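Engineer: below are the sequence and a predicted model; questions follow.
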Amino acid sequence: MMKMKARYIMVLAALCGATAAGVGLTTNIAGLFFTPIAESFGVGRGSVSLTMTLCNLLFAVGGVVTGRLLSEKRFRSVLIFSAAVTVCATALLAMCNNVWLMYALNIIRGFSTGLTGVVMTTMVVNNWFHASNGTMTSIVMGCSGLASAIFSPIFSSIIQAVGWRTAYLVSAGLMVLLYLPLILLPIGFTPAFVGDIPYGETERSMEIAAAKAAANAAGSTAATKKGAAKNPAGAEGSPAGNRTKVSLALVLIVALYATMGGLLTAVVQHFPGVSESYGLGAGVGAAMLSASMIANTSGKLILGVLIDHIGVKKGILTMVAAITLGILAILFIHAGFALILGAALIGLAYSIATVGVVMMTRETFGVENYGTVYPIVSLCTTVSYAIYAAMIGFIYDHLQSYTLIFWLMIIFIGITVLCVFLTQQKKAASQK
């Protein structure tokens, strides 16, 4: 790998901080709060987990808005607005006296975190890093799990010692620190804003690319004057010709894959409850959550490197095999060590739901269509995660068991594998 300049490292660090705050401290440790809040308000876990369903649904909406809203001029304003609203809404959660107010605040902070969430960070990564894009994406995505792995035991201790209200205030304070680099460091939506070029490019290659773009534009103008029939829209040599046709069938298959990723990760925030349902203590549940978040981070890094070396298909299938082993371990071995190991393997699902979705979208539709397709695909991941996370809580309230949830995950795994093969097959057929 070529030597990386300090500015690229600053961009990575800033994006990692935003991911840690907006996903790690907002969604991934939410399960620690479910039981104490439910007991405090005298409601079921399903009612409390619904707060995160609403949060994640609006997170998805924020991501769709980001895809259409972000530009160099609006970049910093969007960052400041998102960070300020998220921090304030999180702090106000500590003052709630009923679950309905929590619903409202999570709707607000869901939208605000979505503005600086996965859509924004991956768009910036694509703009700044042309080389080792899979690895760089995995580093940024992995920081959500890293933050959760570090802070899960800390917040578990805070909740047990001084209550969930204080824990929300501590979370808001940490968010301030994590958002600051993205707001204060001299970076932009694109490297051109600060007079730089994407990582992996050279001044010469950028000049050639600019010359080709100018030539294409000139050719398109000339063709338009002569008549559209001689150079129809989308023909090679025109700007439209640089965009591959987006197949609706491929969008639907990738969207289904993304949906399965959301469903597979929804169980993670319920690990503390899974531990308790097997008669084990809160410590095992916190360890399960931490193990899954460590795997969240490491799995994204591993998948990013695998994709850069062996391709998207083989990289994702490798992760799927490991996740399956984790599900089986939790289903059939109810000892503490097996639950922690199984949780770690299931935590790898975050890699296929984030890095896997990003790279499948990029590979299938190209960078030129990424900004159009990815917000839609990402919406499927977030919505499915949000809805199913709440459903798991209600299913447990009804059955007093999580067994059905893990059997359903086996079905989700099968659909995921099918989507990977169908995407490759459909893409190959469309290129013939």
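Structural biologist: Thanks, I have it.
Engineer: next helix or strand past the one helix or strand in the chain whose mean pLDDT sits lowest?
Structural biologist: Lowest on mean pLDDT, DSSP states H and E among the helices and strands of the chain sits helix 203-226, with a mean of 49. Using DSSP states H and E, the helix or strand that follows helix 203-226 towards the C-terminus is helix 248-265.
Engineer: any idea how far residue 115 is from residue 263?
Structural biologist: Residue 263 is 25 Å from residue 115, where distance means Cβ to Cβ, to the nearest Å. All C-beta spots, glycine's among them, are computed from the backbone N, C-alpha and C.
Engineer: repeat that for residue 59.
Structural biologist: Residue 59 is 9 Å from residue 115, by Cβ to Cβ.
Engineer: these two - which one has more neighbours?
Structural biologist: Neighbour totals were compared for residue 59 and residue 115, and residue 59 leads with 31 against 24 (other Cβ atoms under 10 Å).
Engineer: and that one, how close does it get to residue 112?
Structural biologist: Counting by Cβ to Cβ - residue 59 and residue 112 are separated by 9 Å.
Engineer: I'd say residue 95 and residue 165 touch.
Structural biologist: Yes - under the criterion of Cβ atoms under 8 Å, residue 95 makes contact with residue 165 at 7.5 Å.
Engineer: more crowded one of the two?
Structural biologist: Taking other Cβ under 10 Å, residue 95 and residue 165 do not tie; residue 165 has more neighbours (15 against 11).
Engineer: per-residue pLDDT of the more buried one, please?
Structural biologist: If you check residue 165, the pLDDT there is 93.
Engineer: shaky segments in the stretch 101-250 of the chain?
Structural biologist: For the stretch 101-250 of the chain, the stretches flagged by pLDDT under 70 are 203-245.
Engineer: got the domain ranges for the protein?
Structural biologist: 6-194+243-430, 204-240 (automatic domain parsing).
Engineer: burial measure for residue 202, as a count.
Structural biologist: Residue 202, neighbours per other Cβ under 10 Å, totals 9.
Engineer: contacting residues around it?
Structural biologist: If a contact means Cβ atoms under 8 Å, 6 or more residues apart in numbering, then residue 202 has no contacts.
Engineer: any idea how far residue 130 is from it?
Structural biologist: 11 Å.
Engineer: swap in residue 49?
Structural biologist: In terms of Cβ to Cβ, residue 49 sits 40 Å off from residue 130.
Engineer: just residue 256 next, same as before
Structural biologist: Counting by Cβ to Cβ, the gap from residue 256 to residue 130 is 29 Å.
Engineer: next one: residue 147
Structural biologist: 27 Å.
Engineer: higher neighbour count, residue 49 and residue 130?
Structural biologist: residue 49 (28 against 17).
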